[in-house]
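Novice: give me a model of this one.
(chains A, B, C and D)
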2 protein chains.
Amino acid sequence: MAIYTREDLILMIKEAGLRVTEHRLAVLSYLSKVKQPITVYELVDALRKKDNIDQATVYRNLSSLHEARLLRRLDFNHGHAHYELETGRASHQLVCSNCEVVEKIEGVGVDDIVKKMLKKSKKFKSINTHSIEVYGLCKACT
Amino acid sequence: MAIYTREDLILMIKEAGLRVTEHRLAVLSYLSKVKQPITVYELVDALRKKDNIDQATVYRNLSSLHEARLLRRLDFNHGHAHYELETGRASHQLVCSNCEVVEKIEGVGVDDIVKKMLKKSKKFKSINTHSIEVYGLCKACT
DNA sequence: AACAAAATGCAAGTTATTTGCAACAGAGTA
DNA sequence: TACTCTGTTGCAAATAACTTGCATTTTGTT
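Specialist: Modelled structure (predicted):
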């Protein structure tokens, strides 16, 4: 879990071809500090208090940062999106079918599987990112 | 791609502990015939015409069938859910980040990866299903 | 400093999905 | 077969998540 300085983040935004605004930086910075993918609601709630950012701005920034591939957008069948930094590492999680528990699992290599999928594909010839969601009941809900 | 008879589907619904209604059967039957995960919109559109089913009924049936684990609910970052039958086989797809193209890939085994994830988990001790979405640009959008 | 393009706040809009409630239908039992 | 209980349905209205229009401000560039 790398830690990014303000300068790192500024550089990332610039290299993505986007303007560096305090709000965009705040969104990226917040996401760089959390350990799990978080909901837009959490982000809006935190940034509204701290930096007085409107939710439309949060949505717009999430969207531009996602399009620029700095963020990964995830869905756990909870009715709303989750976001996390798009790091080199892939994103794999166990998701409870009953409650909102999500457990991120790291260190499971899946590169060869993704390659196999691509090889079998007729419509794609390259890929950028992927996510794996494994659903079950968490221990608390069992 | 197994083909289910009406009796198969009735049995599946009964074994899931749900009542067998014409509408529920129609939803399951429709999903048993499509080759790709489909949107609720498509389903509503088709069933409204054919069987005069209200969209609330479609949503409620999708929900009950999903909860009973007869369906799998998928999200491709398109702003709406997709559904498919929950067969023994897992669900893996390539998804275009730009348009709505989705390509289902079969025959890539991932059981050991899922097992590895479960072994690393602290919050789960068993799982039911999973999905893998691999994002990239399809050939048409490249 | 001056300017064009992009970002922002606010309020209103849109889309997907859910819900309340009265009428109806499936499934077990008498 | 009739009875009854509970799950299902249609319809309209509600909600949640997300997007958009527009006037104003900011950013990066010249």
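Novice: can you count the residues close to the nearest residue to residue A:106 once chain neighbours are set aside?
Specialist: Closest residue to residue A:106 apart from its sequence neighbours, by Cβ to Cβ, 6 or more residues apart in numbering or on different chains: residue A:89 at 6.6 Å. From N, CA and C alone the C-beta is placed, and that goes for glycine too. Burial measure for residue A:89: 12 neighbouring residues, criterion other Cβ atoms under 10 Å in any protein chain shown.
Novice: tell me the pLDDT at the nearest residue to residue A:121 once chain neighbours are set aside?
Specialist: Leaving out its chain neighbours, the residue that sits closest to residue A:121 by Cβ to Cβ, 6+ apart is residue B:94, at 5.4 Å. On the pLDDT scale, residue B:94 is placed at 98.
Novice: ok, residue B:94 - contacts?
Specialist: A:117-118, A:121, A:123-124, A:127, B:102-103, B:105, B:134-136, B:138 (Cβ atoms under 8 Å, 6 or more residues apart in numbering or on different chains).
Novice: looking at those residues, which one is closest to residue A:81?
Specialist: residue B:135 (14.0 Å; Cβ to Cβ).
Novice: quick one: that closest one is in a strand?
Specialist: Yes: Residue B:135 sits within a strand when classified using DSSP: H, G, I helix; E, B strand; the rest coil.
Novice: wait, doesn't it sit right on residue A:128?
Specialist: Yes: between residue B:135 and residue A:128 there is a contact under Cβ atoms under 8 Å: 5.7 Å.
Novice: can you name the residues of chain A that neighbour DNA strand C?
Specialist: A:18-19, A:21-24, A:52-54, A:56-57, A:60-61, A:64, A:79 (Cβ under 7 Å from any atom of the strand).
Novice: from the residues you listed, which would you call buried?
Specialist: Buried members of the residues of chain A next to DNA strand C, counted by 16 or more other Cβ atoms under 10 Å in any protein chain shown: A:18, A:23-24, A:53, A:57, A:61, A:64.
Novice: and the two most separated of those residues?
Specialist: A:18 and A:53 (16.2 Å).
Novice: the residue nearest the centre of chain A: what secondary structure?
Specialist: Centroid check for chain A by Cα atoms, centre = their mean gives residue A:84 as the closest residue, at 2.2 Å. Under three-state DSSP, the three-state class of residue A:84 is strand.
Novice: quick one: residues contacting the closest residue to it other than its chain neighbours.
Specialist: Excluding its sequence neighbours, the residue lying closest to residue A:84 (Cβ to Cβ, 6+ apart) is residue A:37, at 4.1 Å. Neighbour list for residue A:37: A:72, A:74, A:82-84, A:91, A:93, A:102, A:104 [criterion: Cβ under 8 Å, 6+ apart].
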